[in-house]
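**Q** can't give you the sequence, but here's the structure:
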Ligand SMILES: Nc1ncnc2c1ncn2[C@@H]1O[C@H](COP(=O)(O)OP(=O)(O)O)[C@@H](O)[C@H]1O
Ligand SMILES: [Mg+2]
C-alpha cells in the first residue's frame, strides 16, 4: 500500500466516520436523556434516503402516512392520559402529531417540490416528527422501566420499522443524485464534491449541536435533564420536553445521514441498520455518555473500516464489530477501579 | 392573621403500605419563616417532596387560594413553589453559572429574559458563588453547594421556598451564613418553609414552628413559645440539642 492509496482510504474512512459520528452523537443524546438505546435510528437513516428517492421519482412518500398514523395514535394516547387526570401539554402534542405531519402531507400533495433543496426540506419535515412520535408511543409510557426493558422495546421497534420499510419502499434499493458532482485534485489526491458535502454538513451539524448544548437555554435544559432528572424537574423543565427534543434531534440527524449517504451507496430498506450499528459501536467507545469520545470513536470506526476493506475486505464488518470487545473489556476494568477508589 | 400563602390540609403520604406522613395540617404566609423540626425519620423530607409533587399524596394543597393537588412538579414551579431538596440535586458537570441560569428556566419559558439580572441578585446574597461562577458545581465545598442550591431555586423568584435541612453537613460558621441569607429572603416577602434537625438554629430565625414526630404534628406554635416548651427543650434543645444526628 503506497501513500496515495493510504490517503484515499483515509478520505473514505473520514467520510464514513463523519456519518457514524452524527449517529453516535444522537445515540448518546437519546440515551443520556431518556436511557433508551435507540436501535431504530438506522431505520430513520433508510427512511430519510428512501423518502427523498420517492420524492425524486414524483411519488408520494409512504412515510407521510406513517407520520400521520402515528400522530393519530399519539393523540389517542394523550387523550387517555388526560382522562386519567394527567396534565397534557397539548401544544407539543399537536405540533408533533398534527401540525408537522399535516404540513408535510399538504406540501407533498399540493406543491410537489421539484428542486433538490425543497425535496430535502420536505424529507426532513416528514422524518423529524417520527422521532418524538416513536418516543411518545413506545417509550414514554414505560419511561421508568429498566434500560434492558427499554432496549427490548427498542429492538422490537427496529423490527417493526424495518418491516414497514420493506412494505413502503419494496426490496429494491435507491440511489439519489449527488448534492455536488464536482471533482478535483488537490495535492495529487482526487476529491469528489459529495465527500466534501458529507464532511461539511456533518461538521456544521456537530458545531450546531455543540452550540445548542453549550450556549442555549434549551440545550442546557436538555443536558440538565440527562445529568439529574429530579434536579431538572425542580427547575420546571418538563421531562416530556427533553424526550421530545432528543428524539426529534435523533430523527433529524438520522434522516440527514440518510440523505448524505444516498448518493454514495445504494440504500435499501435494511441498509440503515448496519450503519446505525456502526454509529452504536462509536457511541459505545464514548461509553454512551461522552460526546467528544463518541466522535473520536466514529472516526476510528470509519478509518478501521476503510483500511480493513483494503486489507481484508471479506472481514471488514467482523473487524469493526470485534473492536467493541477490547474496548468494553478495557472500560469494565477501568470502571471497576473507579468504583474501588470511591 | 392574614390569609396563608400556602396551606396543607390533611396531607397523607405513604410508601407502599407504610404511612410516612399522617394527616398533617400546615400553613405558611408570605414574609414568614415556618420551621418543621423533628427527629430523623419523622417524615420531614417526605412532607416536602409531597408538597412539591415529587411524591403522590392525599389531602389538599392550596397555594394563594388555588388548589394545586393535581398539578405536576413543573407546574408548581411555575406557580411559584421552590424546593431546595435534601440531596441538593445540582447539575454537577455544569458550571455554577449554568446551574443558576437553569434555575431561571420557568421564567425564561414564560418569556421573561431577566436571568442575568436575577443572577446578580443571587450573587449579592451569596458573594461566594460569584467567585466560583466558572467552576463546575461538583467541585464546590458543602457550604457552597448549599448556597448554589438555594440560589438556583431563587432564580425562579419563588413565592414559597421550601428548604430541606440546609444546615446538614455544614460547618457552624457556614450555617450562620446560610440561615442569615434565609432571613434576608423573608424580608423580601418570600414565604419560607424550613425543615431542620438543628432545632435550636431553626427556632432562632423562625416565626412559627411545627414539631413532627412519626409522621404527625405533635406540637405547634410561635417559635419563641416552642423554644420555651419543656418537651421541646428536653427532646430537641437540651443537652447539646441542635447537634445533627447524621
Ligand atoms: N423511598 C422510601 N421508601 C420507603 N420508605 C421510605 C422512603 N423514604 C423514606 N422512607 C421512610 O419514611 C419515613 C420518613 O422518612 P423521611 O421523610 O426521610 O424522614 P426525615 O426527613 O424526617 O428524616 C422513615 O421511616 C423512612 O424510613
Ligand atoms: Mg430528611
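**A** Perfect, I can see it now. What you see is a predicted model, and the numbers here were worked out from it, not measured in a lab. Ligands and ions are numbered 1, 2, ... in the order given.

**Q** List the first helix or strand encountered after the helix or strand containing residue B:36 toward the C-terminus.
**A** For residue B:36, the element it lies in under DSSP states H and E is strand B:33-37. Next helix or strand after strand B:33-37 toward the C-terminus (DSSP H and E): helix B:44-52.

**Q** How about the contacts made by the residue of chain B found nearest ligand 2?
**A** When scored by CB to the ion, chain B has residue B:45 as its residue closest to ligand 2, at 3.2 Å. (C-beta placed from N, C-alpha, C; glycine too.) With contact set as CB atoms under 8 Å, 6 or more residues apart in numbering or on different chains, residue B:45 has these partners: B:85, B:86, B:164, B:165, B:195.

**Q** how near is it to ligand 1?
**A** 3 Å (CB to the nearest ligand atom, to the nearest Å).

**Q** go on, residue A:235?
**A** 22 Å.

**Q** Report pLDDT for residue B:245.
**A** Residue B:245 is assigned 43 on the pLDDT scale.

**Q** Kindly report the same for residue A:82.
**A** For residue A:82, the predicted pLDDT is 88.

**Q** count of neighbours near it?
**A** 13 (other CB atoms under 10 Å in any protein chain shown).

**Q** Surely it forms part of a helix?
**A** Yes: per DSSP: H, G, I helix; E, B strand; the rest coil, residue A:82 lies within a helix segment.

**Q** residues touching the nearest residue to residue B:38 once chain neighbours are set aside, list them.
**A** Spatial nearest neighbour of residue B:38, excluding adjacent residues (CB to CB, 6 or more residues apart in numbering or on different chains): residue B:212 at 3.7 Å. By CB under 8 Å, 6+ apart, the contact set of residue B:212 is B:24, B:36, B:37, B:38, B:42, B:43, B:44, B:47, B:218.

**Q** same question, residue B:25
**A** Residue B:25 is in contact with B:7, B:8, B:9, B:10, B:11, B:217, counting by CB under 8 Å, 6+ apart.

**Q** I'd like to know how far it sits from chain A.
**A** 24 Å (CB to the nearest CB, to the nearest Å).

**Q** Model confidence for that residue, exactly?
**A** 96.

**Q** Show me what the longest helix seen in chain B packs onto, helices and strands only.
**A** Taking DSSP state H as the criterion, chain B has its longest helix at helix B:172-187. Contacts defined by 3 or more CB pairs under 8 Å, 6 or more residues apart in numbering or on different chains; DSSP states H and E place helix B:172-187 against strand B:33-37, helix B:115-125, helix B:142-154, strand B:191-196, helix B:199-205.

**Q** Go ahead and confirm residue A:301 touches residue A:322.
**A** No: if you go by CB atoms under 8 Å, residue A:301 and residue A:322 don't touch, sitting 11.6 Å apart.

**Q** Between the two, tell me which one has more neighbours.
**A** A count of neighbours by other CB under 10 Å puts residue A:301 above the other of residue A:301 and residue A:322, at 27 against 13.

**Q** ok so residue B:60 is a strand residue?
**A** Yes: looking at residue B:60 with three-state DSSP, it is inside a strand.

**Q** State the distance from it to residue A:187.
**A** Taking CB to CB, to the nearest Å as the measure, residue B:60 falls 76 Å from residue A:187.

**Q** Kindly report the same for residue A:123.
**A** As judged by CB to CB, residue A:123 and residue A:187 stand 35 Å apart.

**Q** what about the two, which has more around it?
**A** With neighbours defined as other CB under 10 Å, residue A:123 and residue A:187 compare such that residue A:123 has more, 31 against 6.

**Q** Which of the three states applies to that one?
**A** Look at residue A:123: counting by three-state DSSP, its state is helix.

**Q** For it, list the residues it contacts.
**A** For residue A:123, the contact set (CB under 8 Å, 6+ apart) comprises A:48, A:51, A:52, A:55, A:61, A:255, A:259.

**Q** re the thing from before, what would the helices and strands packed on helix B:172-187 look like in TSV with mean pLDDT?
**A** What follows is the helices and strands packed on helix B:172-187, written out as TSV (pLDDT from 0 to 100):
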stretch	mean pLDDT
strand B:33-37	96
helix B:115-125	94
helix B:142-154	94
strand B:191-196	95
helix B:199-205	91
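
**Q** Would you convert these into a markdown table that also reports distance to residue A:116?
**A** Below are the helices and strands packed on helix B:172-187 laid out as a markdown table (distance: least, CB to CB, whole Å):
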| stretch | distance to residue A:116 |
| --- | --- |
| strand B:33-37 | 65 |
| helix B:115-125 | 41 |
| helix B:142-154 | 47 |
| strand B:191-196 | 60 |
| helix B:199-205 | 68 |
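
**Q** nearest to ligand 1, of these?
**A** Checking the helices and strands packed on helix B:172-187 against ligand 1 by CB to the nearest ligand atom gives strand B:191-196 as the closest, at 7.1 Å.

**Q** does that closest one come close to ligand 2?
**A** No: using CB under 5 Å from the ion, we find that strand B:191-196 stays clear of ligand 2, coming within 6.9 Å at best.

**Q** neighbouring strands for that strand, and are they parallel or not?
**A** Here strand B:191-196 is paired, per DSSP bridges, with strand B:33-37 (parallel), strand B:160-164 (parallel).

**Q** Which positions in the stretch 1-150 of chain A make contact with chain B?
**A** A:85, A:87 (CB under 8 Å from any CB of the partner chain).

**Q** What segments of the stretch 1-150 of chain A are helices?
**A** In the stretch 1-150 of chain A, the helices defined using DSSP state H, counting those that start in this stretch lie at A:3-34, A:41-56, A:63-83, A:90-94, A:100-106, A:116-127, A:130-134, A:147-169.

**Q** Compare the ones you listed and give me the one nearest residue A:231.
**A** helix A:3-34 (13.5 Å; CB to CB).
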